[in-house]
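# pasting the sequence and the predicted coordinates here, then a few questions.
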Amino acid sequence: MADSKKSSAHDSAQFKPFVWNPLEGLDERGRRQALFLNDARDAVDGACTLTQLLAWDEDRRDEAKASGGALPVLMEPQRASLQRLLIASLGMLQAEIERQCDALDLLRGSTGAFPRQ
């Protein structure tokens, strides 16, 4: 017979995933907001780190061309792949932000003070 207590794979896992904003003690709306903020913070932190890595690698690439020094760490296909990852990640984050802004506008009963593009 199935256990009547609902649980997820995370509840029984030995490794518990890290979260910036714990969900305990929050109502449903607060849980949704905390989940979004957790994902958004990870995406933004990752995007910042990735852009720093790409800039560092670009500097290395320029230096190698000028002096025949060390080769860049990333080859063109890898750079392109990472740039597409950045574009996709930030695009998904932007879409969710817009969805949540639209939901807030509906709750306020208006279209907002400033139109979004």
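Looks like it arrived, so ask away.
# helix, strand, or coil at Leu37?
Following DSSP: H, G, I helix; E, B strand; the rest coil, Leu37 is assigned to helix.
# could you shift the numbering so residue one becomes 48, and keep it that way?
With the count now opening at 48, the last piece we talked about shows up as Leu84.
# in space, what's closest to it - neighbours in sequence excluded?
Counting by CB to CB, 6 or more residues apart in numbering, Asn68 is the residue found nearest to Leu84 once chain neighbours are left out, at 5.4 Å. Heads up, the C-betas are built off the backbone N, CA and C, glycines and all.
# quick one: residues contacting the one you found.
Ala81, Leu84, Asn85 (CB atoms under 8 Å, 6 or more residues apart in numbering).
# buried ones among these?
Buried residues within the contacts of Asn68, counting neighbours by 16 or more other CB atoms under 10 Å: Ala81, Asn85.
# what does the pLDDT read for the most centrally placed residue in the chain?
Geometric centre of the chain, nearest residue: Ala90, 1.8 Å, by CA atoms, centre = their mean. Turning to Ala90, the model gives it a pLDDT of 89.
# that one contacts Gly138, doesn't it?
No: counting by CB atoms under 8 Å, Ala90 does not reach Gly138; the two are 10.4 Å apart.
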